[in-house]
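Participant: what follows is a protein structure lacking sequence information:
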């Protein structure tokens, strides 16, 4: 057993990817089809667009991947930890592999969202359907990455809390696990919750570098908390106590 | 490659409940051990600590001199298979085997393929859709093919039908002869596997009641067969574990070694002496005094 992919951490990463790749593919397809459908219907005035352009609809649709990643994050520890440890890997290997997986999936989604938008343009162009030309969303990839990372990280922490503690304690502690998502929405969410939070707290939008560093620190805190919670956790079959 | 296991004063608590209480033993590498005990005696708790599924509350565990918990070098040499396993239920059989082949350093792919074919494990099916027997078959396939220096089966084959279980026993022994390793079998199907055990450990109420070579343990009991009146007279004063009667003939199982005088008397009275089953001894040893049959 030689090479990078035979290292325990990379085995975890590889097998987590293998476990979730099909769901990622199906999710992306459904997401793309639904987005196209919404645009067709708003273009045909079947449903009201509310004045939003395709670009705005697409940006608004990023809520869906956030929830998808939050859910995958919640499942990560309860569904996968025991499988790796029962195959002779340590909890530390799982934590490191899961951390890499979260970063990789967040990155993939940060690329998929603008890529699907560009693909939508091409498909509509080929079909001769009118498409309001907005700017490329690739410029928003960094924001998307940190948003997805925060949601995924919160989900992971929630799942770990339910695995480690009984459900009553986990419900209480899970409220704290949402901190990274709230922070990300405050610092990056350009509409909806983020806007409201910024107004409500009276904080002006900080510079991009500060926002990204803050969210990186939040992601690191999530990682360290998971590490602390899981490093001695007992392996058991029941997903939630 | 074999690995010795040393356990000293092991304790495991679940809240206020003590599941393991000052358990100590030493297992030489390269032997087959039977771990016996009634339900709730602490067998799975002990094996969970050995496999680093749980951290002990007190005491010491050493594999080849090293503590196993979160020790990457030790954990990759200890394969623990339970009946329902710990594989993600959403994984397909193929993915579960791929994960195992990536993780176990001595993985025997040819053996895994042969066992998969024999048990007719459907590669594409998800684990959650498999029958209990199929899940057990997947577990023993991983356990056998892992070739881990320490391999532990905790009731891993209970869900399998009898032909599959006997196939498993054959494969276990064959693999053990070809690649000696330390095997620990925890089971309630004692009669089926007792011939495999070289040493037996019996746990009772969280304590190690006995650790002995199987042959010497068997010598602690005897079956005595003959005419009912002679057998009854001979067995007087001995600890009788059980008896069977057919017409005028009777057979009793007794616990305790017989001295030369008693053995001579048995021969003189033309009583037949035979070995006692491990199961009978186990039942006797783990039955509280008020429950003696």
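Facilitator: Yes, it's here. Nothing here was measured: the structure is a model prediction, and the numbers come from that model.

Participant: so chain B: which segments form each domain?
Facilitator: The record's domain parsing of chain B by automatic domain parsing lists B:5-216, B:219-291.

Participant: dump the ones you listed to CSV, plus distance to residue A:73 and mean pLDDT.
Facilitator: Bear in mind the C-beta positions are built from the backbone N, C-alpha and C, glycine included. Shown next, in CSV, are the domains of chain B (distance: least, C-beta to C-beta, whole Å; pLDDT from 0 to 100):
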stretch, distance to residue A:73, mean pLDDT
domain B:5-216, 15, 95
domain B:219-291, 46, 86
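
Participant: list the contacts of residue B:230.
Facilitator: B:269-271 (C-beta atoms under 8 Å, 6 or more residues apart in numbering or on different chains).

Participant: most neighbours of all the residues you listed, which one?
Facilitator: Among the contacts of residue B:230, the one with the most neighbours (other C-beta atoms under 10 Å in any protein chain shown) is residue B:271, at 20 neighbours.

Participant: residues in contact with the residue nearest to it when sequence neighbours are not counted?
Facilitator: Spatial nearest neighbour of residue B:271, excluding adjacent residues (C-beta to C-beta, 6 or more residues apart in numbering or on different chains): residue B:226 at 4.1 Å. Going by C-beta under 8 Å, 6+ apart, residue B:226 touches B:234, B:249-250, B:269-272.

Participant: quick check: residues of the stretch 101-250 of chain B near chain A?
Facilitator: Residues of the stretch 101-250 of chain B lying close to chain A by C-beta under 8 Å from any C-beta of the partner chain are B:102-105, B:142, B:146, B:148.

Participant: start to end distance for stretch B:79-90?
Facilitator: The straight-line separation of the ends of stretch B:79-90 (C-alpha to C-alpha, to the nearest Å) is 21 Å.

Participant: all strands in chain A, in order from the N-terminus.
Facilitator: With strands called from DSSP state E, chain A shows none.

Participant: three-state assignment of the residue nearest to residue B:271?
Facilitator: strand (DSSP: H, G, I helix; E, B strand; the rest coil).

Participant: ok, residue B:18 next?
Facilitator: strand.

Participant: same thing with residue B:48?
Facilitator: Residue B:48, by the three-state scheme (three-state DSSP), is helix.

Participant: please name the nearest non-neighbouring residue to it.
Facilitator: Nearest to residue B:48 is residue B:54, by C-beta to C-beta, 6+ apart, at 4.5 Å.

Participant: how about the contacts made by the one you found?
Facilitator: So residue B:54 contacts A:234-235, B:12, B:45, B:48 (C-beta under 8 Å, 6+ apart).

Participant: rerun at 7 Å
Facilitator: Counting by C-beta atoms under 7 Å, 6 or more residues apart in numbering or on different chains, residue B:54 makes contact with A:234, B:12, B:48.

Participant: highest neighbour count among the residues you listed?
Facilitator: Most neighbours among the contacts of residue B:54, by other C-beta under 10 Å: residue B:48, with 24 neighbours.

Participant: state the distance from that one to residue B:168.
Facilitator: From residue B:48 across to residue B:168, the span is 22 Å (C-beta to C-beta, to the nearest Å).

Participant: go on, residue A:103?
Facilitator: According to C-beta to C-beta, residue A:103 and residue B:168 sit 42 Å apart.

Participant: what comes into contact with the longest helix along chain B?
Facilitator: In chain B, assigned by DSSP state H, the helix with the most residues is helix B:162-178. Residues from elsewhere that reach helix B:162-178 (C-beta under 7 Å, 6+ apart): B:32, B:115, B:118-119, B:133, B:137, B:140, B:144, B:157, B:160, B:183, B:192-193, B:196.

Participant: what helix or strand does residue B:7 sit in?
Facilitator: Per DSSP states H and E, residue B:7 falls inside strand B:5-14.

Participant: could you list every helix and strand in contact with that strand?
Facilitator: Contacts defined by 3 or more C-beta pairs under 7 Å, 6 or more residues apart in numbering or on different chains; DSSP states H and E place strand B:5-14 against strand B:17-27, helix B:43-50, strand B:58-63.

Participant: helices or strands up against the helix or strand following the first one?
Facilitator: Meaning strand B:17-27. Toward the C-terminus, strand B:17-27 is succeeded by strand B:32-37 as the next helix or strand (DSSP H and E). If you count contacts as 3+ C-beta pairs under 7 Å, 6+ apart, strand B:32-37 packs onto strand B:182-186, strand B:199-204.

Participant: rewinding a little: does the residue nearest to residue B:48 belong to a helix, a strand or coil?
Facilitator: coil.

Participant: any low-confidence regions in chain A?
Facilitator: A:1-2, A:45-62, A:130-137, A:189-198, A:202-205, A:238-241 (pLDDT under 70).

Participant: tabulate the helices and strands packed on strand B:32-37 (a markdown table), appending distance to residue A:141 and mean neighbour count.
Facilitator: Compiled in a markdown table, the helices and strands packed on strand B:32-37 are given as follows (distance: least, C-beta to C-beta, whole Å; neighbours: other C-beta atoms under 10 Å in any protein chain shown):
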| stretch | distance to residue A:141 | mean neighbour count |
| --- | --- | --- |
| strand B:182-186 | 52 | 24 |
| strand B:199-204 | 58 | 22 |
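
Participant: which one is residue A:212 nearest to, not counting chain neighbours?
Facilitator: Residue A:212 sits nearest to residue A:146 (C-beta to C-beta, 6+ apart), 6.1 Å away.
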